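*Asks:* here are the coordinates; sequence isn't available:
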């Protein structure tokens, strides 16, 4: 523990910030303060350079040519799968790591490739009230088959009601799916415990890790996940690339999501045979450059150390909660216990519209935050809200930025005479 504390003190935030060129940008003559990391993160120069280098030196289609460029591009793209798979401790990193556009596509792939073919009338799916729309809407498509979707209640503090989960899971439950960390409340769910309960009933366990993989150490084997999805753009990688982890035996028995080139091993007019993993699920020319850059982003995070990333964000959210709590009329949503909360500070100011708060922060202070329902309408309405403000932190944010943010919040209250 002492060694880790010493290493965390060496977390060089000034050096890290130099890697992100966008942080030098001025917004309305103010230095950008980017607090919208739960939506997407900024990119370090290393990732930007990886994209540029690929297109400048290696651009070619993969798995199709014997010429040098194709061979090099194929090797780089394949290696990226291994890098990403090892990052979450997949048992078989290459075969168990499917590149998709984002976590949303990963969840849809599971629904179409596994659930649509294996679930029948009377079967049930158990999810939670804190899910992102991406982990609600795909499962609703199965209602046409007579599959019921149930939801575990939330407590007032923004944590999952585990007793309600135990009451609602039953012998008909075939899938248990939940978010690892909430993009609204910051709540970090007890995933390992939930997974064990799912297994007691023989249910598959599907985890949305879009807000956990970028922010903390994740071991899919230890968590007991059958499927696990996350997006690259929330962890320094480009948009349009993400990953679906699935246990090899499940992926092998699943139906392909899409048909076409590269996902086949043989095509006849009367039928086709599928390619080996992971290519079985990556039809057509893939997002090669962004896949390679995804690997670069993961390497960057590994050099920082995910335990250090988590410690840094925990320090920021503790500081942010403390400072914002001192402002009269500021309501903070989600658990105040930062051992079970990620770097998401969701709040409202009494009698001031969230959009007005965000507009002033942007126009007067160059501070970027998110407002609205954050793609979680059921969760927002659960707390009788129509919109909230969300400041979300990442590896390059600082306490000094939070101080500017808090000062700006106080000015917002003055502007609206609140």
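*Replies:* Received the coordinates, thanks. Predicted model, so just to flag it, every value in this text is computed and none were measured.

*Asks:* Confirm that residue 240 sits in a helix.
*Replies:* No: the assignment for residue 240 (DSSP: H, G, I helix; E, B strand; the rest coil) gives coil, which keeps it out of a helix.

*Asks:* Which residues lie in contact with it in this structure?
*Replies:* Going by Cβ atoms under 8 Å, 6 or more residues apart in numbering, residue 240 touches 101, 102, 233, 287, 290. Every C-beta, even on glycine, is put in place using the N, C-alpha and C of the backbone.

*Asks:* So which of these are in helices?
*Replies:* The members of the contacts of residue 240 that map onto helices under DSSP state H are residue 290.

*Asks:* Show me the contacts of residue 240 that map onto strands.
*Replies:* Among those, DSSP state E puts none in strands.

*Asks:* okay if I get the contacts of residue 240 as JSON lines plus distance to residue 329?
*Replies:* Compiled in JSON lines, the contacts of residue 240 are given as follows (distance: Cβ to Cβ, whole Å):
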{"residue": "101", "distance to residue 329": "41"}
{"residue": "102", "distance to residue 329": "36"}
{"residue": "233", "distance to residue 329": "34"}
{"residue": "287", "distance to residue 329": "45"}
{"residue": "290", "distance to residue 329": "43"}
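
*Asks:* Nearest to residue 84 among the contacts of residue 240?
*Replies:* residue 290 (12.0 Å; Cβ to Cβ).

*Asks:* Hmm, residue 243 and the closest one touching each other?
*Replies:* No: counting by Cβ atoms under 8 Å, residue 290 does not reach residue 243; the two are 11.7 Å apart.

*Asks:* before we move on, the earlier item: just the contacts of residue 240 now: which is nearest residue 311?
*Replies:* residue 233 (23.4 Å).

*Asks:* unless I'm mixing things up, that closest one is touching residue 40, no?
*Replies:* Yes: counting by Cβ under 8 Å, residue 40 is a contact partner of residue 233 at 4.8 Å.

*Asks:* related to what we said a few turns ago, between residue 290 and residue 243, who's got more neighbours?
*Replies:* Per other Cβ atoms under 10 Å, whichever of residue 290 and residue 243 has more neighbours is residue 243, with 31 against 24.

*Asks:* Am I right that that one falls within a helix?
*Replies:* No: Residue 243: not assigned to a helix; according to three-state DSSP it is strand.

*Asks:* pLDDT wise, what is it at?
*Replies:* We have a pLDDT of 98 for residue 243.

*Asks:* thinking again about what came up before, kindly indicate which of the contacts of residue 240 lies nearest residue 17.
*Replies:* The closest of these, once distances to residue 17 are taken by Cβ to Cβ, is residue 233, at 19.4 Å.

*Asks:* For that closest one, list the residues it contacts.
*Replies:* 40, 41, 102, 239, 240, 241, 242.

*Asks:* all helices of the stretch 151-300 of the chain, in order?
*Replies:* Shown for the stretch 151-300 of the chain, the helices assigned by DSSP state H, counting those that start in this stretch span residues 162-168, 191-200, 220-223, 248-253, 288-304.

*Asks:* now what about stretch 12-26, what contacts it?
*Replies:* In contact with stretch 12-26 (Cβ under 8 Å, 6+ apart) are residues 31-32, 34, 42-46, 48, 300, 304, 312, 366, 395-396, 398.

*Asks:* Right, I'll leave it there.
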